[in-house]
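Participant: how would this look folded up:
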Amino acid sequence: YTTLFRSKNHLQTGEPKVSGQAIKGRDLDLNLIMAKLTGAKEIVNLYGSGGVGKTTLGKEISLRWPGQSIFVDMREVAEMKDVYFQIMMALDTKRTVLTYDENPVINQLRKLRKESPGDVLLLLDNVDNFSGGNGDLLKTLNDKMVKLLQTLIKDKDRNAKDDEGIARLKVALISRTRFQGLTPCESDCYEVKALEKGFSQELILQKAGELSVLQMGKIEKIVDMCKGYPLLLNGMAATLRQKIAAGEKFLRMVEDELTTSETDEGETFLSPVQNQQEREAWQSLSKEIGEEKLSCLRKMFFFLPTINLRSSAVALSLFCYPFSEEAAASVLGVESSEAVIVLEGLRSSAVLSVDPDAKELLYDIHPLMRSFLRSIGNTGIPVFRKAYDAAKDRFRELYFSKMISIAALLDKDYVSAFEYFDHNKLNFELALDLPFKAENFHRLKEHHERAIIYHLFEAMLDNKHREKIFKSWTEATEEDGREGGKKFLFN
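Facilitator: Sure, this is the predicted structure:
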């Protein structure tokens, strides 16, 4: 179990430190945000467009915080019970608490405040599902989160006559849009904006390395295209650094909209977008992430130096959380040594990233890049659709094997099984939601394997989700002419 469980959240203790990697053009932002967090108001909301560098700032703030800090990644979390779980995973590293709801969170934070020599910082990243918006669901989630935050900042030690001797709790919320529902008395906000043009150009020149005369002449065009977003600037710098975008190809990269076509030999080459299905896919994604961002992401992807890197990037976009080299090897269907080469190639191209301050090496994909890569896998470009479909089968097998392992823990160590399943919930849900084929079901050869999977579903999933899964499995066995499978599923 311990080899499977990898937490993406962490508790930072001890003296403040700097990551060692300067954040170009962000010194003023860091100083202003730290001033707000150390001021009178308990909650500060950092908001701004995707790819502008909010998470990077948040991690640097967490490192520099003079007291204890807790960094919690809330990506794709959409239920309060999962909010409590993610916070507790960061707070209770020794797993001394066996329940995950509001009271344990309050109690653990109170304990931390008593032990901390300075104010405690709780930093919640990617709280977009709880920041408010149109629709009853978003408003309900926002109301519940606001209630929790207000409870946390107003909580006091009931045994103390005043607040003397107990550290304050400060909360930083990171979201794409401004967080709603909090009063001006208890919260402040800070908009993280795109880098200024001068800093953008410095970043490109610093990371791209030595450039040709032609490339230097197009730097301003590239900077304008990236709109000051660090995600895009780093990606375009990596593209320039590869020395593949020279001459006429470089001019086309900057000025044209490019896609790939496949030759009879299976190779791909760059060509203008022509297919109507592809155009519609790009238009849909453009509405989601913005035309300028999409244009840069396309160029970053299509100028990866090899087809294998492009196909691998599409395959790895299935992961919903940071992933290890071992997991990547399983999904790519290669040996670990080859997976490392691919991962480092994608890392040097700024498609993947790693946390330099993490205790173990895990690779991650920015949400914008993930959305883009998944759209590539779902379009009609044969070479990438084929790679994506094959990766789906391997992804499903990987997480089915994990389900078998943790299901075997249910009777022996339910808490550990629950923690691992819930901490990887999105990956498991994606594996279960992928189109199911009869041959996949029959790979669970032994009755025992099937039985413990059903046992896990009973313990971890609600009735609606279980019915959905069993229905898809039934349809798969019926299509294969195996009516006995249907009877087995519902017996």
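
Participant: separation between the closest residue in space to Asn129 that isn't next to it in sequence and Ser405?
Facilitator: Distances taken as C-beta to C-beta, 6 or more residues apart in numbering place Ala78 nearest to Asn129, at 4.7 Å, with adjacent residues excluded. To be clear about C-beta, it is placed using only N, CA and C from the backbone, and glycine gets the same treatment. In this view, Ala78 and Ser405 are 26 Å apart by C-beta to C-beta, to the nearest Å.

Participant: just Asp364 next, same as before
Facilitator: According to C-beta to C-beta, Asp364 and Ser405 sit 23 Å apart.

Participant: flag every buried residue along the longest helix along the chain.
Facilitator: For the chain, the longest helix by residue count, based on DSSP state H, is helix 382-407. The neighbour-count check on helix 382-407 (16 or more other C-beta atoms under 10 Å) flags 383-384, 387-388, 391-400, 402-407 as buried.

Participant: now swap in stretch 333-348 and tell me
Facilitator: So stretch 333-348, judged by 16+ other C-beta under 10 Å, has buried residues 334, 339, 342-343, 345-346.

Participant: also stretch 26-35?
Facilitator: 26, 29, 33-34.

Participant: number of residues surrounding the residue nearest to Asn129?
Facilitator: Neighbour count for Ala78, taken as other C-beta atoms under 10 Å: 14.

Participant: what distance do you get for it to Gly25?
Facilitator: For Ala78, the distance to Gly25 - C-beta to C-beta - is 33 Å.

Participant: kindly report the same for Asn424.
Facilitator: Asn424 is 36 Å from Gly25, by C-beta to C-beta.

Participant: just want to know which of those two has more residues nearby.
Facilitator: Using other C-beta under 10 Å, the more surrounded residue of Asn424 and Gly25 is Asn424, with 21 against 18.

Participant: I figured the more buried one hits Lys402, correct?
Facilitator: Yes - using C-beta atoms under 8 Å, Asn424 makes contact with Lys402 at a distance of 7.4 Å.

Participant: shared neighbours, the two?
Facilitator: When contacts are counted by C-beta atoms under 8 Å, 6 or more residues apart in numbering, Asn424 and Lys402 have no shared neighbour.

Participant: which parts of the chain are strands?
Facilitator: Residue ranges of the strands in the chain, as given by DSSP state E, are 10-12, 43-47, 69-73, 120-125, 169-175, 187-191, 258-262, 268-272, 353-354, 363-364.

Participant: so which of those gets nearest Asp413?
Facilitator: Closest of these to Asp413 is strand 10-12, at 23.1 Å (criterion: C-beta to C-beta).

Participant: model confidence over the closest one, on average?
Facilitator: Averaged across strand 10-12, pLDDT comes to 61.

Participant: and what of stretch 392-405?
Facilitator: For stretch 392-405, the per-residue pLDDT averages 87.

Participant: on that earlier part again, pLDDT added to the buried residues of stretch 333-348, as CSV?
Facilitator: Shown next, in CSV, are the buried residues of stretch 333-348 (pLDDT from 0 to 100):
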residue, pLDDT
Val334, 96
Ala339, 95
Val342, 96
Leu343, 96
Gly345, 93
Leu346, 95
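
Participant: list just the nearest of the residues you listed to Ala167.
Facilitator: Closest approach to Ala167 among the buried residues of stretch 333-348 (C-beta to C-beta): Leu343, at 40.1 Å.

Participant: contacting residues around the closest one?
Facilitator: 325, 328, 352, 363.

Participant: contacting residues for the last one?
Facilitator: Just to be clear, that refers to Tyr363. Tyr363 makes contact with 316, 322-325, 328, 343, 346-347, 352-354 under the criterion C-beta under 8 Å, 6+ apart.

Participant: buried ones among these?
Facilitator: Using 16+ other C-beta under 10 Å, the buried members of these are 316, 322-325, 328, 343, 346, 352-353.
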